[in-house]
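K.L.:
Fold the following for me, if possible:
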Amino acid sequence: MNADNHVMSRMLGWSIALSMLMMAAGVLAILMPPVSGIAITVLVACLMIFNGAVHVVYAWETSRAGRRLWGLLLGVLYMGVGSVIFLHPTEGLASLTFLLAVCLLAEALIEFILGFLLSPLPGSGWFLLDGLVTLLLALTIWGTWPASTLWALGMMVGVSMLFSGISRFTFSLAARRLAKALE
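P.N.:
The predicted structure is shown next:
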C-alpha cells in the first residue's frame, strides 16, 4: 500500500467512525428530546459567553479607542445574551428552536446541491434523502413553533444527526469500495 492509499484509508476510517458516532448521538437525542434540547441550549449559551469574553479580551488589546469601545460592547452583548439564555434555558430553547428551523432549511438546500453535484458517484442519493428529511424537519418546526419547542429541538437535531450520519456512513463505505477497486 503506497502512502496516498494509506492516507485515504485512514481518512475513510475516520469518516466511518465519526459517522457512527453521529448516528449514536442522533439516536440518544431522539430518545431524550427534552434533555437534549436543554443541553443544546446550555451549550449555545456557554459558547456565547465564551465568544463574548474573547471579544472583550481582543477589544482590550486593540490600540484604537473606537474599535476598543465597539469590541467591548459586542463582547458584553454576547456575554449578556449568553448569560440570559444560560439562566433561562427553557425560554432560550424557544428562540433556538426557531433558529434551528432556519439552519435546517439552509442545510437541506446544501444537501440537495451536494446530492446533485455528486450524483455520478455511488451513494450520493443518500444526500438527496438527507436533504428531503431535513427540509421536512424545518417545515415541521415552523408549523408547530412555539408550542413544541421543548421536544422539537432535541428531536429534530437527533433525526438530522441520524440521517446525516447514515448518509456519510454509506457514502464513506462506497468511497472505500471504490478506493479498494482502484488499488
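
K.L.:
Find the residue ranges of the chain scoring beneath the pLDDT cut-off.
P.N.:
Within the chain, the stretches with pLDDT under 70 are 1-5, 63.

K.L.:
so where do the helices sit in it?
P.N.:
Using DSSP state H, the helices of the chain run over residues 3-31, 33-61, 65-87, 89-117, 125-144, 149-182.

K.L.:
what about the residue lying closest to L21 once chain neighbours are set aside, how many neighbours?
P.N.:
The shortest distance from L21 to any non-neighbouring residue, by C-beta to C-beta, 6 or more residues apart in numbering, is to G165 (7.6 Å). From N, CA and C alone the C-beta is placed, and that goes for glycine too. Look at G165: counted by other C-beta atoms under 10 Å, it has 21 neighbours.

K.L.:
repeat for G13
P.N.:
12.

K.L.:
do you know how far it is from A174?
P.N.:
G13 is 14 Å from A174, where distance means C-beta to C-beta, to the nearest Å.

K.L.:
Let me know how buried A25 is, in neighbour terms.
P.N.:
For A25, using other C-beta under 10 Å, the count is 16.

K.L.:
thought it was touching M161?
P.N.:
Yes. Taking contacts as C-beta atoms under 8 Å, A25 lies within contact range of M161: 5.5 Å.

K.L.:
care to break the chain down by domain?
P.N.:
The chain breaks down into these domains under automatic domain parsing: 1-31+89-183, 34-87.

K.L.:
I figured V157 hits S36, correct?
P.N.:
Yes. The criterion here is C-beta under 8 Å, and V157 meets it with S36 at 6.7 Å.

K.L.:
any residues in contact with both of these two?
P.N.:
A29 (C-beta atoms under 8 Å, 6 or more residues apart in numbering).
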